[in-house]
Structure formats: C-alpha cells, structure tokens
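Show me how the following folds:
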Amino acid sequence: MASTNQSPFYKKAEEKFLNAKDDEERLFYLDEMIRECPKHKSSEAMLANLKTRRIKLIEKIERIKKTKKSSGKPGIRKADMQAVLIGFTNSGKSAILTKLTNAHPPISPYPFTTQREEIGTMSYQGIQVQIIDQPSLKNENFDIGLINNTDLVLIVVTKIEEIKEVEPYLLHSRAKKLIVFNKTDLLNEAEKRKIGASLQSKKYNFVMTSAMDKNEGIDELKEKILSSFNFLRIYLKEPGKPASQIPMIMPVGSVIKNVANKISKQLLASISEIHIWGPSSKFPNQKIGLLHELKDKDIVEFKTR
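Residues are numbered from 1 along each chain as shown. Now for the predicted structure:
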C-alpha cells in the first residue's frame with residue numbers, strides 16, 4: 001500500500017495496519033489511514049483504494065462472524081448487562097475481577113499473566129452484571145471487538161498518563177467509560193489527593209481502588225458500575241405466591257408486552273389477565289394491558305388460560 005508524500009501520522013497508522021494481528025485491528029488502523037489521507041485531487045485514487053479495501057475487510061469480518069456462529073464454536077454470550085476490563089499488563093485487572101465477581105483468574109506479578117478472557121458475574125443489589133477481564137493491551141490475544149460491543153469499559157490504570165495511551169483502543173467503542181485508578185495502596189495520602197484532584201479536574205468518571213489491600217474503593221466501584229446502566233428491575237409473581245426475589249432486567253421504556261416476549265414467545269397468546277404492583281401502578285393489584293409502561297421495581301403477575 002503506497003504511502004508517498006503522506007504525513008507521519010498516516011505512515012504510523014500504515015505501519016500498525018501492516019503489523020496488525022487480526023482483521024478487527026486492521027480495520028481500526030485502516031480507518032485511521034483514511035482519516036489521515038490527504039483529500040485533494042492527486043490522492044483521490046489512493047483514497048478510493050483505501051475505501052474499497054475497507055469495504056472488503058468489513059465483508060470478510062462479517063463472513064467470518066457468520067461462519068463461527070453457524071459452526072457452533074463457543075464464544076462469549078453477552079448478558080443483559082456487560083462490562084469489560086482493559087488495561088496494561090500488571091495493572092491489577094485480574095485482582096479487580098476477583099473482588100467484583102465469583103471468578104478466580106490467575107494473578108501473578110509477572111507480565112501478561114492473563115492470556116484469554118476470564119468471565120465473572122457481579123451480583124449486587126439483586127442485579128447480575130457480566131464482567132470480562134481481557135488479556136492486557138499489547139498482548140497478541142487482546143480482542144478489540146469485545147470493547148467495541150460491550151456496554152461499559154472499565155479502564156484500569158496505575159498512572160494518569162496511561163489513560164491517554166488507552167484512548168486509541170476506544171475510538172470505535174460506544175460504551176460508557178469508567179476509569180479505575182488501581183494500586184492506591186502504593187501511594188501516600190498526599191499522592192492520592194493529588195491524583196484524585198487531577199482526575200476530577202479533567203472531568204473523568206473515575207474510582208480509586210486497591211484490589212490487594214483492604215478492598216479500598218471496591219464498594220464505590222460496584223455502585224458506579226451499576227449506575228452506568230439504564231435498566232428496569234421487574235419482579236415476576238405467580239398467582240397466589242410471593243414475588244420472585246431475582247429481578248428480570250429490562251431496558252428503560254419497556255412495556256408489559258416486552259416482558260411477556262422475553263419470558264416466552266408463546267406466553268402472549270395464553271395471557272388472560274395482567275396485574276401490577278409498584279411505582280407504575282395507580283393502586284396495588286391494578287389490572288393492566290400489554291402496552292402499560294413499566295417503572296423500576298414493578299411487580300408483574302400474568303394469569304394464563
């Protein structure tokens with residue numbers, strides 16, 4: 001791919017494109033090359049070539065995804081609420097995953113300990129959040145596709161300058177971002193205050209933690225993870241029985257019909273009555289229809305024929 005008279009930024013992106021380890025990474029740097037390519041008449045052919053390559057690369061990625069899906073190869077099934085941990089080696093991602101979830105990934109002081117995705121479930125306030133620990137940035141097994149498709153990215157750092165180093169990996173991610181400044185046990189109180197003030201002045205959404213010492217910041221981290229999601233907790237109730245203690249998670253704006261469809265596609269045809277208790281009801285045990293809009297912590301009862 002010729003790069004005559006191109007800027008240093010283009011050449012750097014091209015070098016990374018040529019050394020990319022997978023197609024997702026190639027697409028990432030190809031987009032950067034298109035952005036950096038001059039937009040004048042003499043470069044029109046080159047820009048057109050880059051755009052054609054992009055179309056073909058996207059088609060290839062989609063083709064591979066469909067093949068994997070049809071072949072039944074195991075993958076990560078996305079939960080209703082998902083967060084992905086990313087950071088450089090030895091940032092403490094695995095230790096944080098252990099504190100947040102039921103997972104027990106290998107933890108060691110050696111670099112690149114995490115070689116594959118580790119998945120755990122954070123259970124907090126009756127909500128379950130799937131949390132995935134990625135291999136560290138610059139590890140050949142790092143999967144940029146995961147952070148492009150998740151709901152929340154937990155950026156684990158131990159130095160403020162690492163935040164800028166992570167940003168290029170997040171260009172195509174629409175997820176919310178939460179900075180987890182880890183290993184505060186290695187700092188004195190003055191250093192903690194200075195770092196906290198700096199993060200606040202830059203208006204970052206952040207938590208300062210120590211996963212290895214006294215669980216500092218872990219409860220605050222759980223709160224911030226949960227508050228990052230827009231969701232409704234809907235509790236189902238069978239006639240004559242108390243409501244379930246485990247909520248069904250639904251998007252904000254959901255109506256009763258959405259709940260019925262999520263339970264079973266066949267449920268709609270057999271419903272005779274629907275009753276509701278909670279914030280969206282006018283009174284307890286109100287009889288409602290399929291288009292009734294729900295609120296957080298509603299209790300719903302379906303009666304069937």
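
Wait, a helix at residue 302?
No - counting by DSSP: H, G, I helix; E, B strand; the rest coil, residue 302 is not found in a helix; it is strand.

what residues are up against it?
Contact analysis of residue 302 by Cβ atoms under 8 Å, 6 or more residues apart in numbering lists 236, 260, 263, 267, 271, 273-274. Every residue, glycine included, has its C-beta placed from N, CA and C.

7 Å instead, please
Residues in contact with residue 302, defined by Cβ atoms under 7 Å, 6 or more residues apart in numbering, are 260, 267, 271, 274.

okay, who's weakest in the residues you listed by pLDDT?
Taken together, the contacts of residue 302 show their lowest pLDDT at residue 267, with 89.

does the nearest residue to it once chain neighbours are set aside count as helix, strand or coil?
Closest residue to residue 267 apart from its sequence neighbours, by Cβ to Cβ, 6 or more residues apart in numbering: residue 260 at 4.7 Å. Of the three states, residue 260 takes helix under three-state DSSP.

so residue 260 touches residue 268, yeah?
Yes - between residue 260 and residue 268 there is a contact under Cβ atoms under 7 Å: 5.2 Å.

Mind checking which of these two has more residues around it?
residue 260 (20 against 14; other Cβ atoms under 10 Å).

thinking again about what came up before, from residue 291, how far off is the residue nearest to residue 267?
Going from residue 260 to residue 291 by Cβ to Cβ, to the nearest Å gives 11 Å.

Show the pLDDT at the residue of the chain positioned farthest from its centre.
Most distant from the centre of the chain: residue 42, at 41.4 Å, with distances by Cα atoms, centre = their mean. The score at residue 42 is 79. That number is its pLDDT.

Residue 168 too?
Reported pLDDT at residue 168 in the predicted model: 87.

And residue 17, by the same measure?
pLDDT at residue 17 comes out at 85.

Not counting its neighbours along the chain, what's nearest it?
Nearest residue to residue 17, sequence neighbours excluded (Cβ to Cβ, 6+ apart): residue 29, at 3.9 Å.
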